[in-house]
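# Quick one: sequence and predicted model below, then my questions.
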2 protein chains.
Amino acid sequence: MATERLDKNKTIDLRKKHIGPSCKVFFSHDPIKIVRARGQYMYDENGQQYLDCINNVAHVGHSHPDVVRAGTQQMELLNTNSRFLHDNLVVYAQRLQATLPDKLSVCYFVNSGSEANDLALRLAWQYTGHKDIITLDNAYHGHVSSLINISPYKFHQLSDVEHKQSVHVAPSPDVYRGKYRADHPDPARAYSDEVEDIISRAHKRGGKIAAFIAESLQSCGGQVIPPAGYFQKVAAHVRQAGGVVIADEVQVGFGRVGSHFWGFQLQGEDFVPDIVTMGKPIGNGHPMSCVVTSREVAQAFMASGMEYFNTFGGNPVSCAIGLAVLDVIENEDLQGNALRVGAHLSRLLGKLKDKHPLVGDVRGPGLFVGVELVRDRVKLTPATAEAQEVIYKLKEEHILLSADGPHRNVLKFKPPMCFSHEDAERVVEKIHLILSEIEEALNMRMPNQVHLDNGKSKRKLPDENGVQGKESAKHNRT
Amino acid sequence: MATERLDKNKTIDLRKKHIGPSCKVFFSHDPIKIVRARGQYMYDENGQQYLDCINNVAHVGHSHPDVVRAGTQQMELLNTNSRFLHDNLVVYAQRLQATLPDKLSVCYFVNSGSEANDLALRLAWQYTGHKDIITLDNAYHGHVSSLINISPYKFHQLSDVEHKQSVHVAPSPDVYRGKYRADHPDPARAYSDEVEDIISRAHKRGGKIAAFIAESLQSCGGQVIPPAGYFQKVAAHVRQAGGVVIADEVQVGFGRVGSHFWGFQLQGEDFVPDIVTMGKPIGNGHPMSCVVTSREVAQAFMASGMEYFNTFGGNPVSCAIGLAVLDVIENEDLQGNALRVGAHLSRLLGKLKDKHPLVGDVRGPGLFVGVELVRDRVKLTPATAEAQEVIYKLKEEHILLSADGPHRNVLKFKPPMCFSHEDAERVVEKIHLILSEIEEALNMRMPNQVHLDNGKSKRKLPDENGVQGKESAKHNRT
C-alpha cells in the first residue's frame, strides 16, 4: 500500500479531499511530485532530477545511507521512551554538549522545533518567574499556539490580531532594509538600545522580562545577519532585567554557517545564550529536536515540582539517527564544505550584484545565503513578483529555490550540506539568465546605464504560485 | 558510537549530567536498562526478559518487522516535507478517514499528541471565534504550554498555580470515586449538567465556549470510563453554546478498546466529535500524530489567512510507517485480540476483586484496563503505597506495570496489542500473590471476613520509587 503509485491528478484530488487546506504545496498551480531523493538531488515520478537548494532538513543529504542504516538497526532492536535507561540517549547528549560552550550542559529531547521553542519558553518562565517575552519583528519560532504569539511572521498574516500585552516586538537587526542600516555608525548598539527601551517601557507598565528569543540568524524573516556585538549588548540588557536569552538554532545550527557549528558563535566567544533550541537538520528528516540549557535553569524547572515527559523525545532510534548525522558531518567534513562552497556561492552571487540592478543585497555565511531583490536600489522597493518569477523559472530548469522574508523578495539558499561547487555554479548561471530576461523585459539597467523607459515594462508578473499574466508568459517564451 | 555499550552506572552518571532532571525514569532508585524488545517483551543488558504491560506506544508489538521494513524502505527512498506531493500522505489520510465517521474527513499530520492537541485548540478557537475551554479534572492533554493550562493532572503538581479565567474544569465522569457514582440514578446526566452549569457561569462572566476537550476514556486521570450517553449530552450543551467537542484519542484509540476502533465509539453511533486527535500508537514508536476534523472546521481555519506548515508532519516515512501499522492491526486481527484477551484479563482481575479487599474496582474495555486499589471499600481510601508496592514487586518478577490516577492507586494495563491469554494469566497470578502478601502483612480481610486488628499492620510501605521501610523489606523477604 505504501509503495502504490497513484496518477498525479489522483494524488492532487485525494490531497484536496483529505489534507487540511491550510497546508500548502510548493508551486500550488503545478505542484511537484517527488518520489526519490539522494544527496542534493530529488526525482519526480518521471525520473526527472531536481537540484535541491532549499531542503535544510536533509542536512547531510537526502537518504544518506549511514543515517538510514543507523535508524534501521536501532528500529530492529528497540524504540521506546526515555523512562528506561539507554546508552544512545546519554551518548548523544554528551556529543551534542561537546559542540557547545561548557555552560550549556543539560538536554531535553523533543520532537520538533516547535516543541523545543515552547519548552524554552517554559524554562524561561519558570527560571525567572517573569512572563514577558521579547521577540524580533518578522520572526518565526513555530506553529504551536504559544509560538504563534511570538512570531510576527505568522501573526501578521492574521486578519484580526489580538495583541498580547506580554509580548514585545523589537526591530529586526537588518542592516540592509531595517531601521538602522549599514551607513549607521553603530547599528549593533542602535538595535540593542531598542531592546533596552522595550524593557523600560515594559517595566513602567509593570511587566517583567522572562526572555529575549531570536534566531541566531533570521531565516523566514529574510536571511537577516545581525551586526557583530548585537547579541552581547541585548543579553546585557535582558539579564540586567532578570531575563534569559534564547538562541533559536532550529534553522541555522549544525555547521551550516561554515566557520562555526552554531550560528550564535558568529557573534564571538563572549556571547553564550542561556538556552539553545535546535531542530530541523539534527535528524536529517527524522522528527527530533532538542533544548540545551544550563544546570541552573534546569534545576529551577525541576523545582516547580512538575515532571517533564515527552513520549517520543530522546528515544533510541532518534538518538541513533542523531549520532549518525553528527558522524557524517565529521566524516565528510560537511561544515568545511559549507564554508568552502558557501564562499564560492556568495562570490558568484556577489558578481550578479555587479551585473543585475534587481540584486540589491547578497548576504549570509556558509550555506545560509540570501539574495534580496529590489526594483530600486535607493528606495529598496521589494521586487516580490520578480523573486517569484525567478523561483518559477528555476523550477522549469529543474532547480528548487524559494523566496522568503516579509516581502517574499529574498531568494533563500539553504541546501543540503553536500552541495557542490558545480551546483553553485549551475544555479547562479541560471539565475543570471533569468534576471537578464526579466530586466530586459522591464527595461532595467544598472544605475550607471539607465536609459529612458520606453514603456516596454508594462507587463504582468507572475503571482506567488507562478501563474503568469498572459502577456508575460508570451513574452518569456520568445 | 550508537551501539557502544556503557556500564549501567556510567549510563546513570551521564544521564544525571546531561539530561534534564525533570525527565524521570521508571523505578528511579533502581532503573532498568533496556537494550532490546520484541512483541510484548523487553530485554535488559543481561538478557533478562520483562513482560511489558505498559507500552501502549509499541502498539502492534515492539520492533514489529513489517513496521521496521516499511520505515527502512521509505527512508532509503525519500523523507521530505509535505510541500511536495506524495502518495503515502494521501493514501494514509484516506485509510485513517475510512476508520472514522464520514464527517471527520480532513487530516493534519503532526509529530506528537501535544502538537495534535494544541492544533485542535487552534482549530476550535478559529472556527468558533471563542476563547474558553472546558476540560475534565485530572485530565492530561500534553506538555506544551497551552496544554499544561488545560491539564489539571499537570498543573495540580505546581506549587503556585496561576488560574486561567478561560479554562474551566468539569468533574471527571468517574462513577467509582467521583462526584456522582454508580448508585446515582443518572450519572451521565448529572455529570453533563455540571458542564451545562460551567457554561452558564462562563456566559455570566462574559466568556464564550470554544471547546470541550476530553480523552474518550481518561488514561493518566485514572482509567476513567464515562457513563454511556455522557458525551452526547455534553456535546449538546457545548454546541448550543457555539463550541466544539474535541475527542483526545492519543492514548485510547486505534483498536485498543477491542469492540471499536475508537474510544469515542463506545458511547454509541449518535456521538461524533468535531475534532479527533490521535498520537502515541499510530507510528508504533515513530514520532507521528494526527488531527482529523470536518470540512467546515478546516475551511474556517484556512479563512484566517494563516498557512499551517509542520516540518516533519506527514512526511513519507511517517506515513509509510502509519500504513504498515494499520496493515498489521488488520492482518493480525489485533483489535479482535484486544477484545478477546482484554475480556480474559478483566475476568481474571474481576476474580481478584472477590478475593482481595485491596481491589476496589476493575474497569475498562479491551486492553485498556484499570484496577483501583483501596484500603477501605466504603471510604475508598486510596491504597497508594500498596499500588506502588505491587508495581515494585512485579518488577522483581520481571513484569512491567504502572500505577496512575490522581492518587496513583490505579494499576494501569495498556500493553502492546499482541498481549496473549498466557501473559494475562501470568501477570494476574503474580498480582494475586503480591496482594495476598501485602494483605496478610496489613491483616486485611474481605469485608465478611474482618477480624480484630492485631496490630501487625503497623509497617512501612514503600514510597513511589519502591524504596521500602526496613521492617517491610524484612517482612517481605520471609
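Everything's here; your move.
# alpha carbons only for contacts and neighbour counts from here, please
Noted.
# how about stretch A:415-434, does it get close to chain B?
No - using CA under 8 Å from any CA of the partner chain, stretch A:415-434 never reaches chain B; the gap is at least 12.0 Å.
# Show me what counts as buried in that stretch.
For stretch A:415-434, a neighbour-count test (16 or more other CA atoms under 10 Å in any protein chain shown) marks A:415-420, A:423-425, A:427-428, A:430-432, A:434 as buried.
# what about A:Ser192, is that helix, strand or coil?
Following DSSP: H, G, I helix; E, B strand; the rest coil, we place A:Ser192 in the helix state.
# what do you get for A:Leu100?
A:Leu100 is classified as coil under three-state DSSP.
# what's the burial count for it?
Summarising burial for A:Leu100: neighbours were counted as other CA atoms under 10 Å in any protein chain shown, giving 16.
# re the thing from before, check the buried residues of stretch A:415-434 against chain B and report the nearest one.
Ranked by distance to chain B (CA to the nearest CA), the buried residues of stretch A:415-434 are led by A:Pro416 at 12.0 Å.
# Does that closest one touch A:Asn56 like I think?
Yes - when contacts are counted by CA atoms under 8 Å, A:Pro416 is listed as touching A:Asn56 (5.5 Å).
# now for the longest strand belonging to chain A, which elements pack on it?
Scanning chain A for the strand with the most residues, using DSSP state E, yields strand A:209-215. Strand A:209-215 makes packing contacts with helix A:113-128, strand A:132-136, helix A:230-240, strand A:244-248 when contacts are defined by 3 or more CA pairs under 8 Å, 6 or more residues apart in numbering or on different chains; DSSP states H and E.
# again, only this time at 10 Å
The contact analysis (3 or more CA pairs under 10 Å, 6 or more residues apart in numbering or on different chains; DSSP states H and E) places strand A:209-215 against helix A:113-128, strand A:132-136, strand A:167-170, helix A:187-204, helix A:230-240, strand A:244-248, strand A:275-278.
# Would you mind giving the secondary structure of A:Ala93?
With three-state DSSP as the basis, A:Ala93 sits in helix.
# Roughly how far does it sit from B:Phe109?
When distance is defined by CA to CA, to the nearest Å, A:Ala93 is 28 Å away from B:Phe109.
# same check, this time on A:Ala124
Note on A:Ala124: its distance to B:Phe109, by CA to CA, is 29 Å.
# now swap in A:Ala139 and tell me
With distances taken as CA to CA, A:Ala139 is found 24 Å from B:Phe109.
# Next: A:Lys17.
As for A:Lys17, its distance to B:Phe109 is 14 Å (criterion: CA to CA).
# if you count what's nearby, which of those two comes out ahead?
Just comparing A:Lys17 and B:Phe109: by other CA under 10 Å the higher neighbour count belongs to B:Phe109, 28 against 17.
# same for the helix or strand harbouring the more buried one, what does it pack against?
When secondary structure is defined by DSSP states H and E, B:Phe109 falls within strand B:106-110. Contacts defined by 3+ CA pairs under 10 Å, 6+ apart place strand B:106-110 against helix A:8-18, helix B:87-97, helix B:113-128, strand B:275-278, strand B:289-293, helix B:295-303, helix B:316-331.
# give the contact list for A:Leu401.
Contacts for A:Leu401 were tallied using CA atoms under 10 Å, 6 or more residues apart in numbering or on different chains; they are A:51-55, A:388, A:390-392, A:394-395, A:411-415, A:427.
# same thing but at 7 Å, please
Under the criterion of CA atoms under 7 Å, 6 or more residues apart in numbering or on different chains, the contact partners of A:Leu401 comprise A:53-54, A:391, A:412-413.
# which one of those residues sits closest to chain B?
Each of the contacts of A:Leu401 was scored against chain B by CA to the nearest CA, and A:Ile54 proved nearest at 11.2 Å.
# and the closest one, how many neighbours?
Neighbouring residues of A:Ile54 were enumerated by other CA under 10 Å; the total is 19.
# That one - that's part of a strand, no?
No - counting by three-state DSSP, A:Ile54 is not part of a strand but coil.
# residues contacting it?
Residues near A:Ile54 by CA under 7 Å, 6+ apart: A:400-402, A:413-415.
# State the pLDDT value of it.
At A:Ile54 the predicted local confidence, pLDDT, stands at 97.
# again with the one 4 residues further on
pLDDT, A:Ala58: 98.
# how close does it get to chain B?
If you measure A:Ala58 against chain B using CA to the nearest CA, to the nearest Å, the figure is 8 Å.
# give me the number of residues near A:Met306?
17.
# Excluding residues flanking it in the chain, which one is nearest it?
Excluding the flanking residues, the one nearest A:Met306 by CA to CA, 6 or more residues apart in numbering or on different chains is B:Gln157, at 5.5 Å.
# wouldn't that neighbour be in contact with A:Ala303 here?
No - counting by CA atoms under 7 Å, no contact exists between B:Gln157 and A:Ala303, whose distance comes to 10.8 Å.
# what sits against A:Arg445?
Shown here is A:Arg445, whose contacts under the criterion CA under 7 Å, 6+ apart are A:Pro357.
# Next, give phi and psi for it.
A:Arg445 adopts backbone torsions of phi -130, psi 160, taken as degrees, to the nearest 10.
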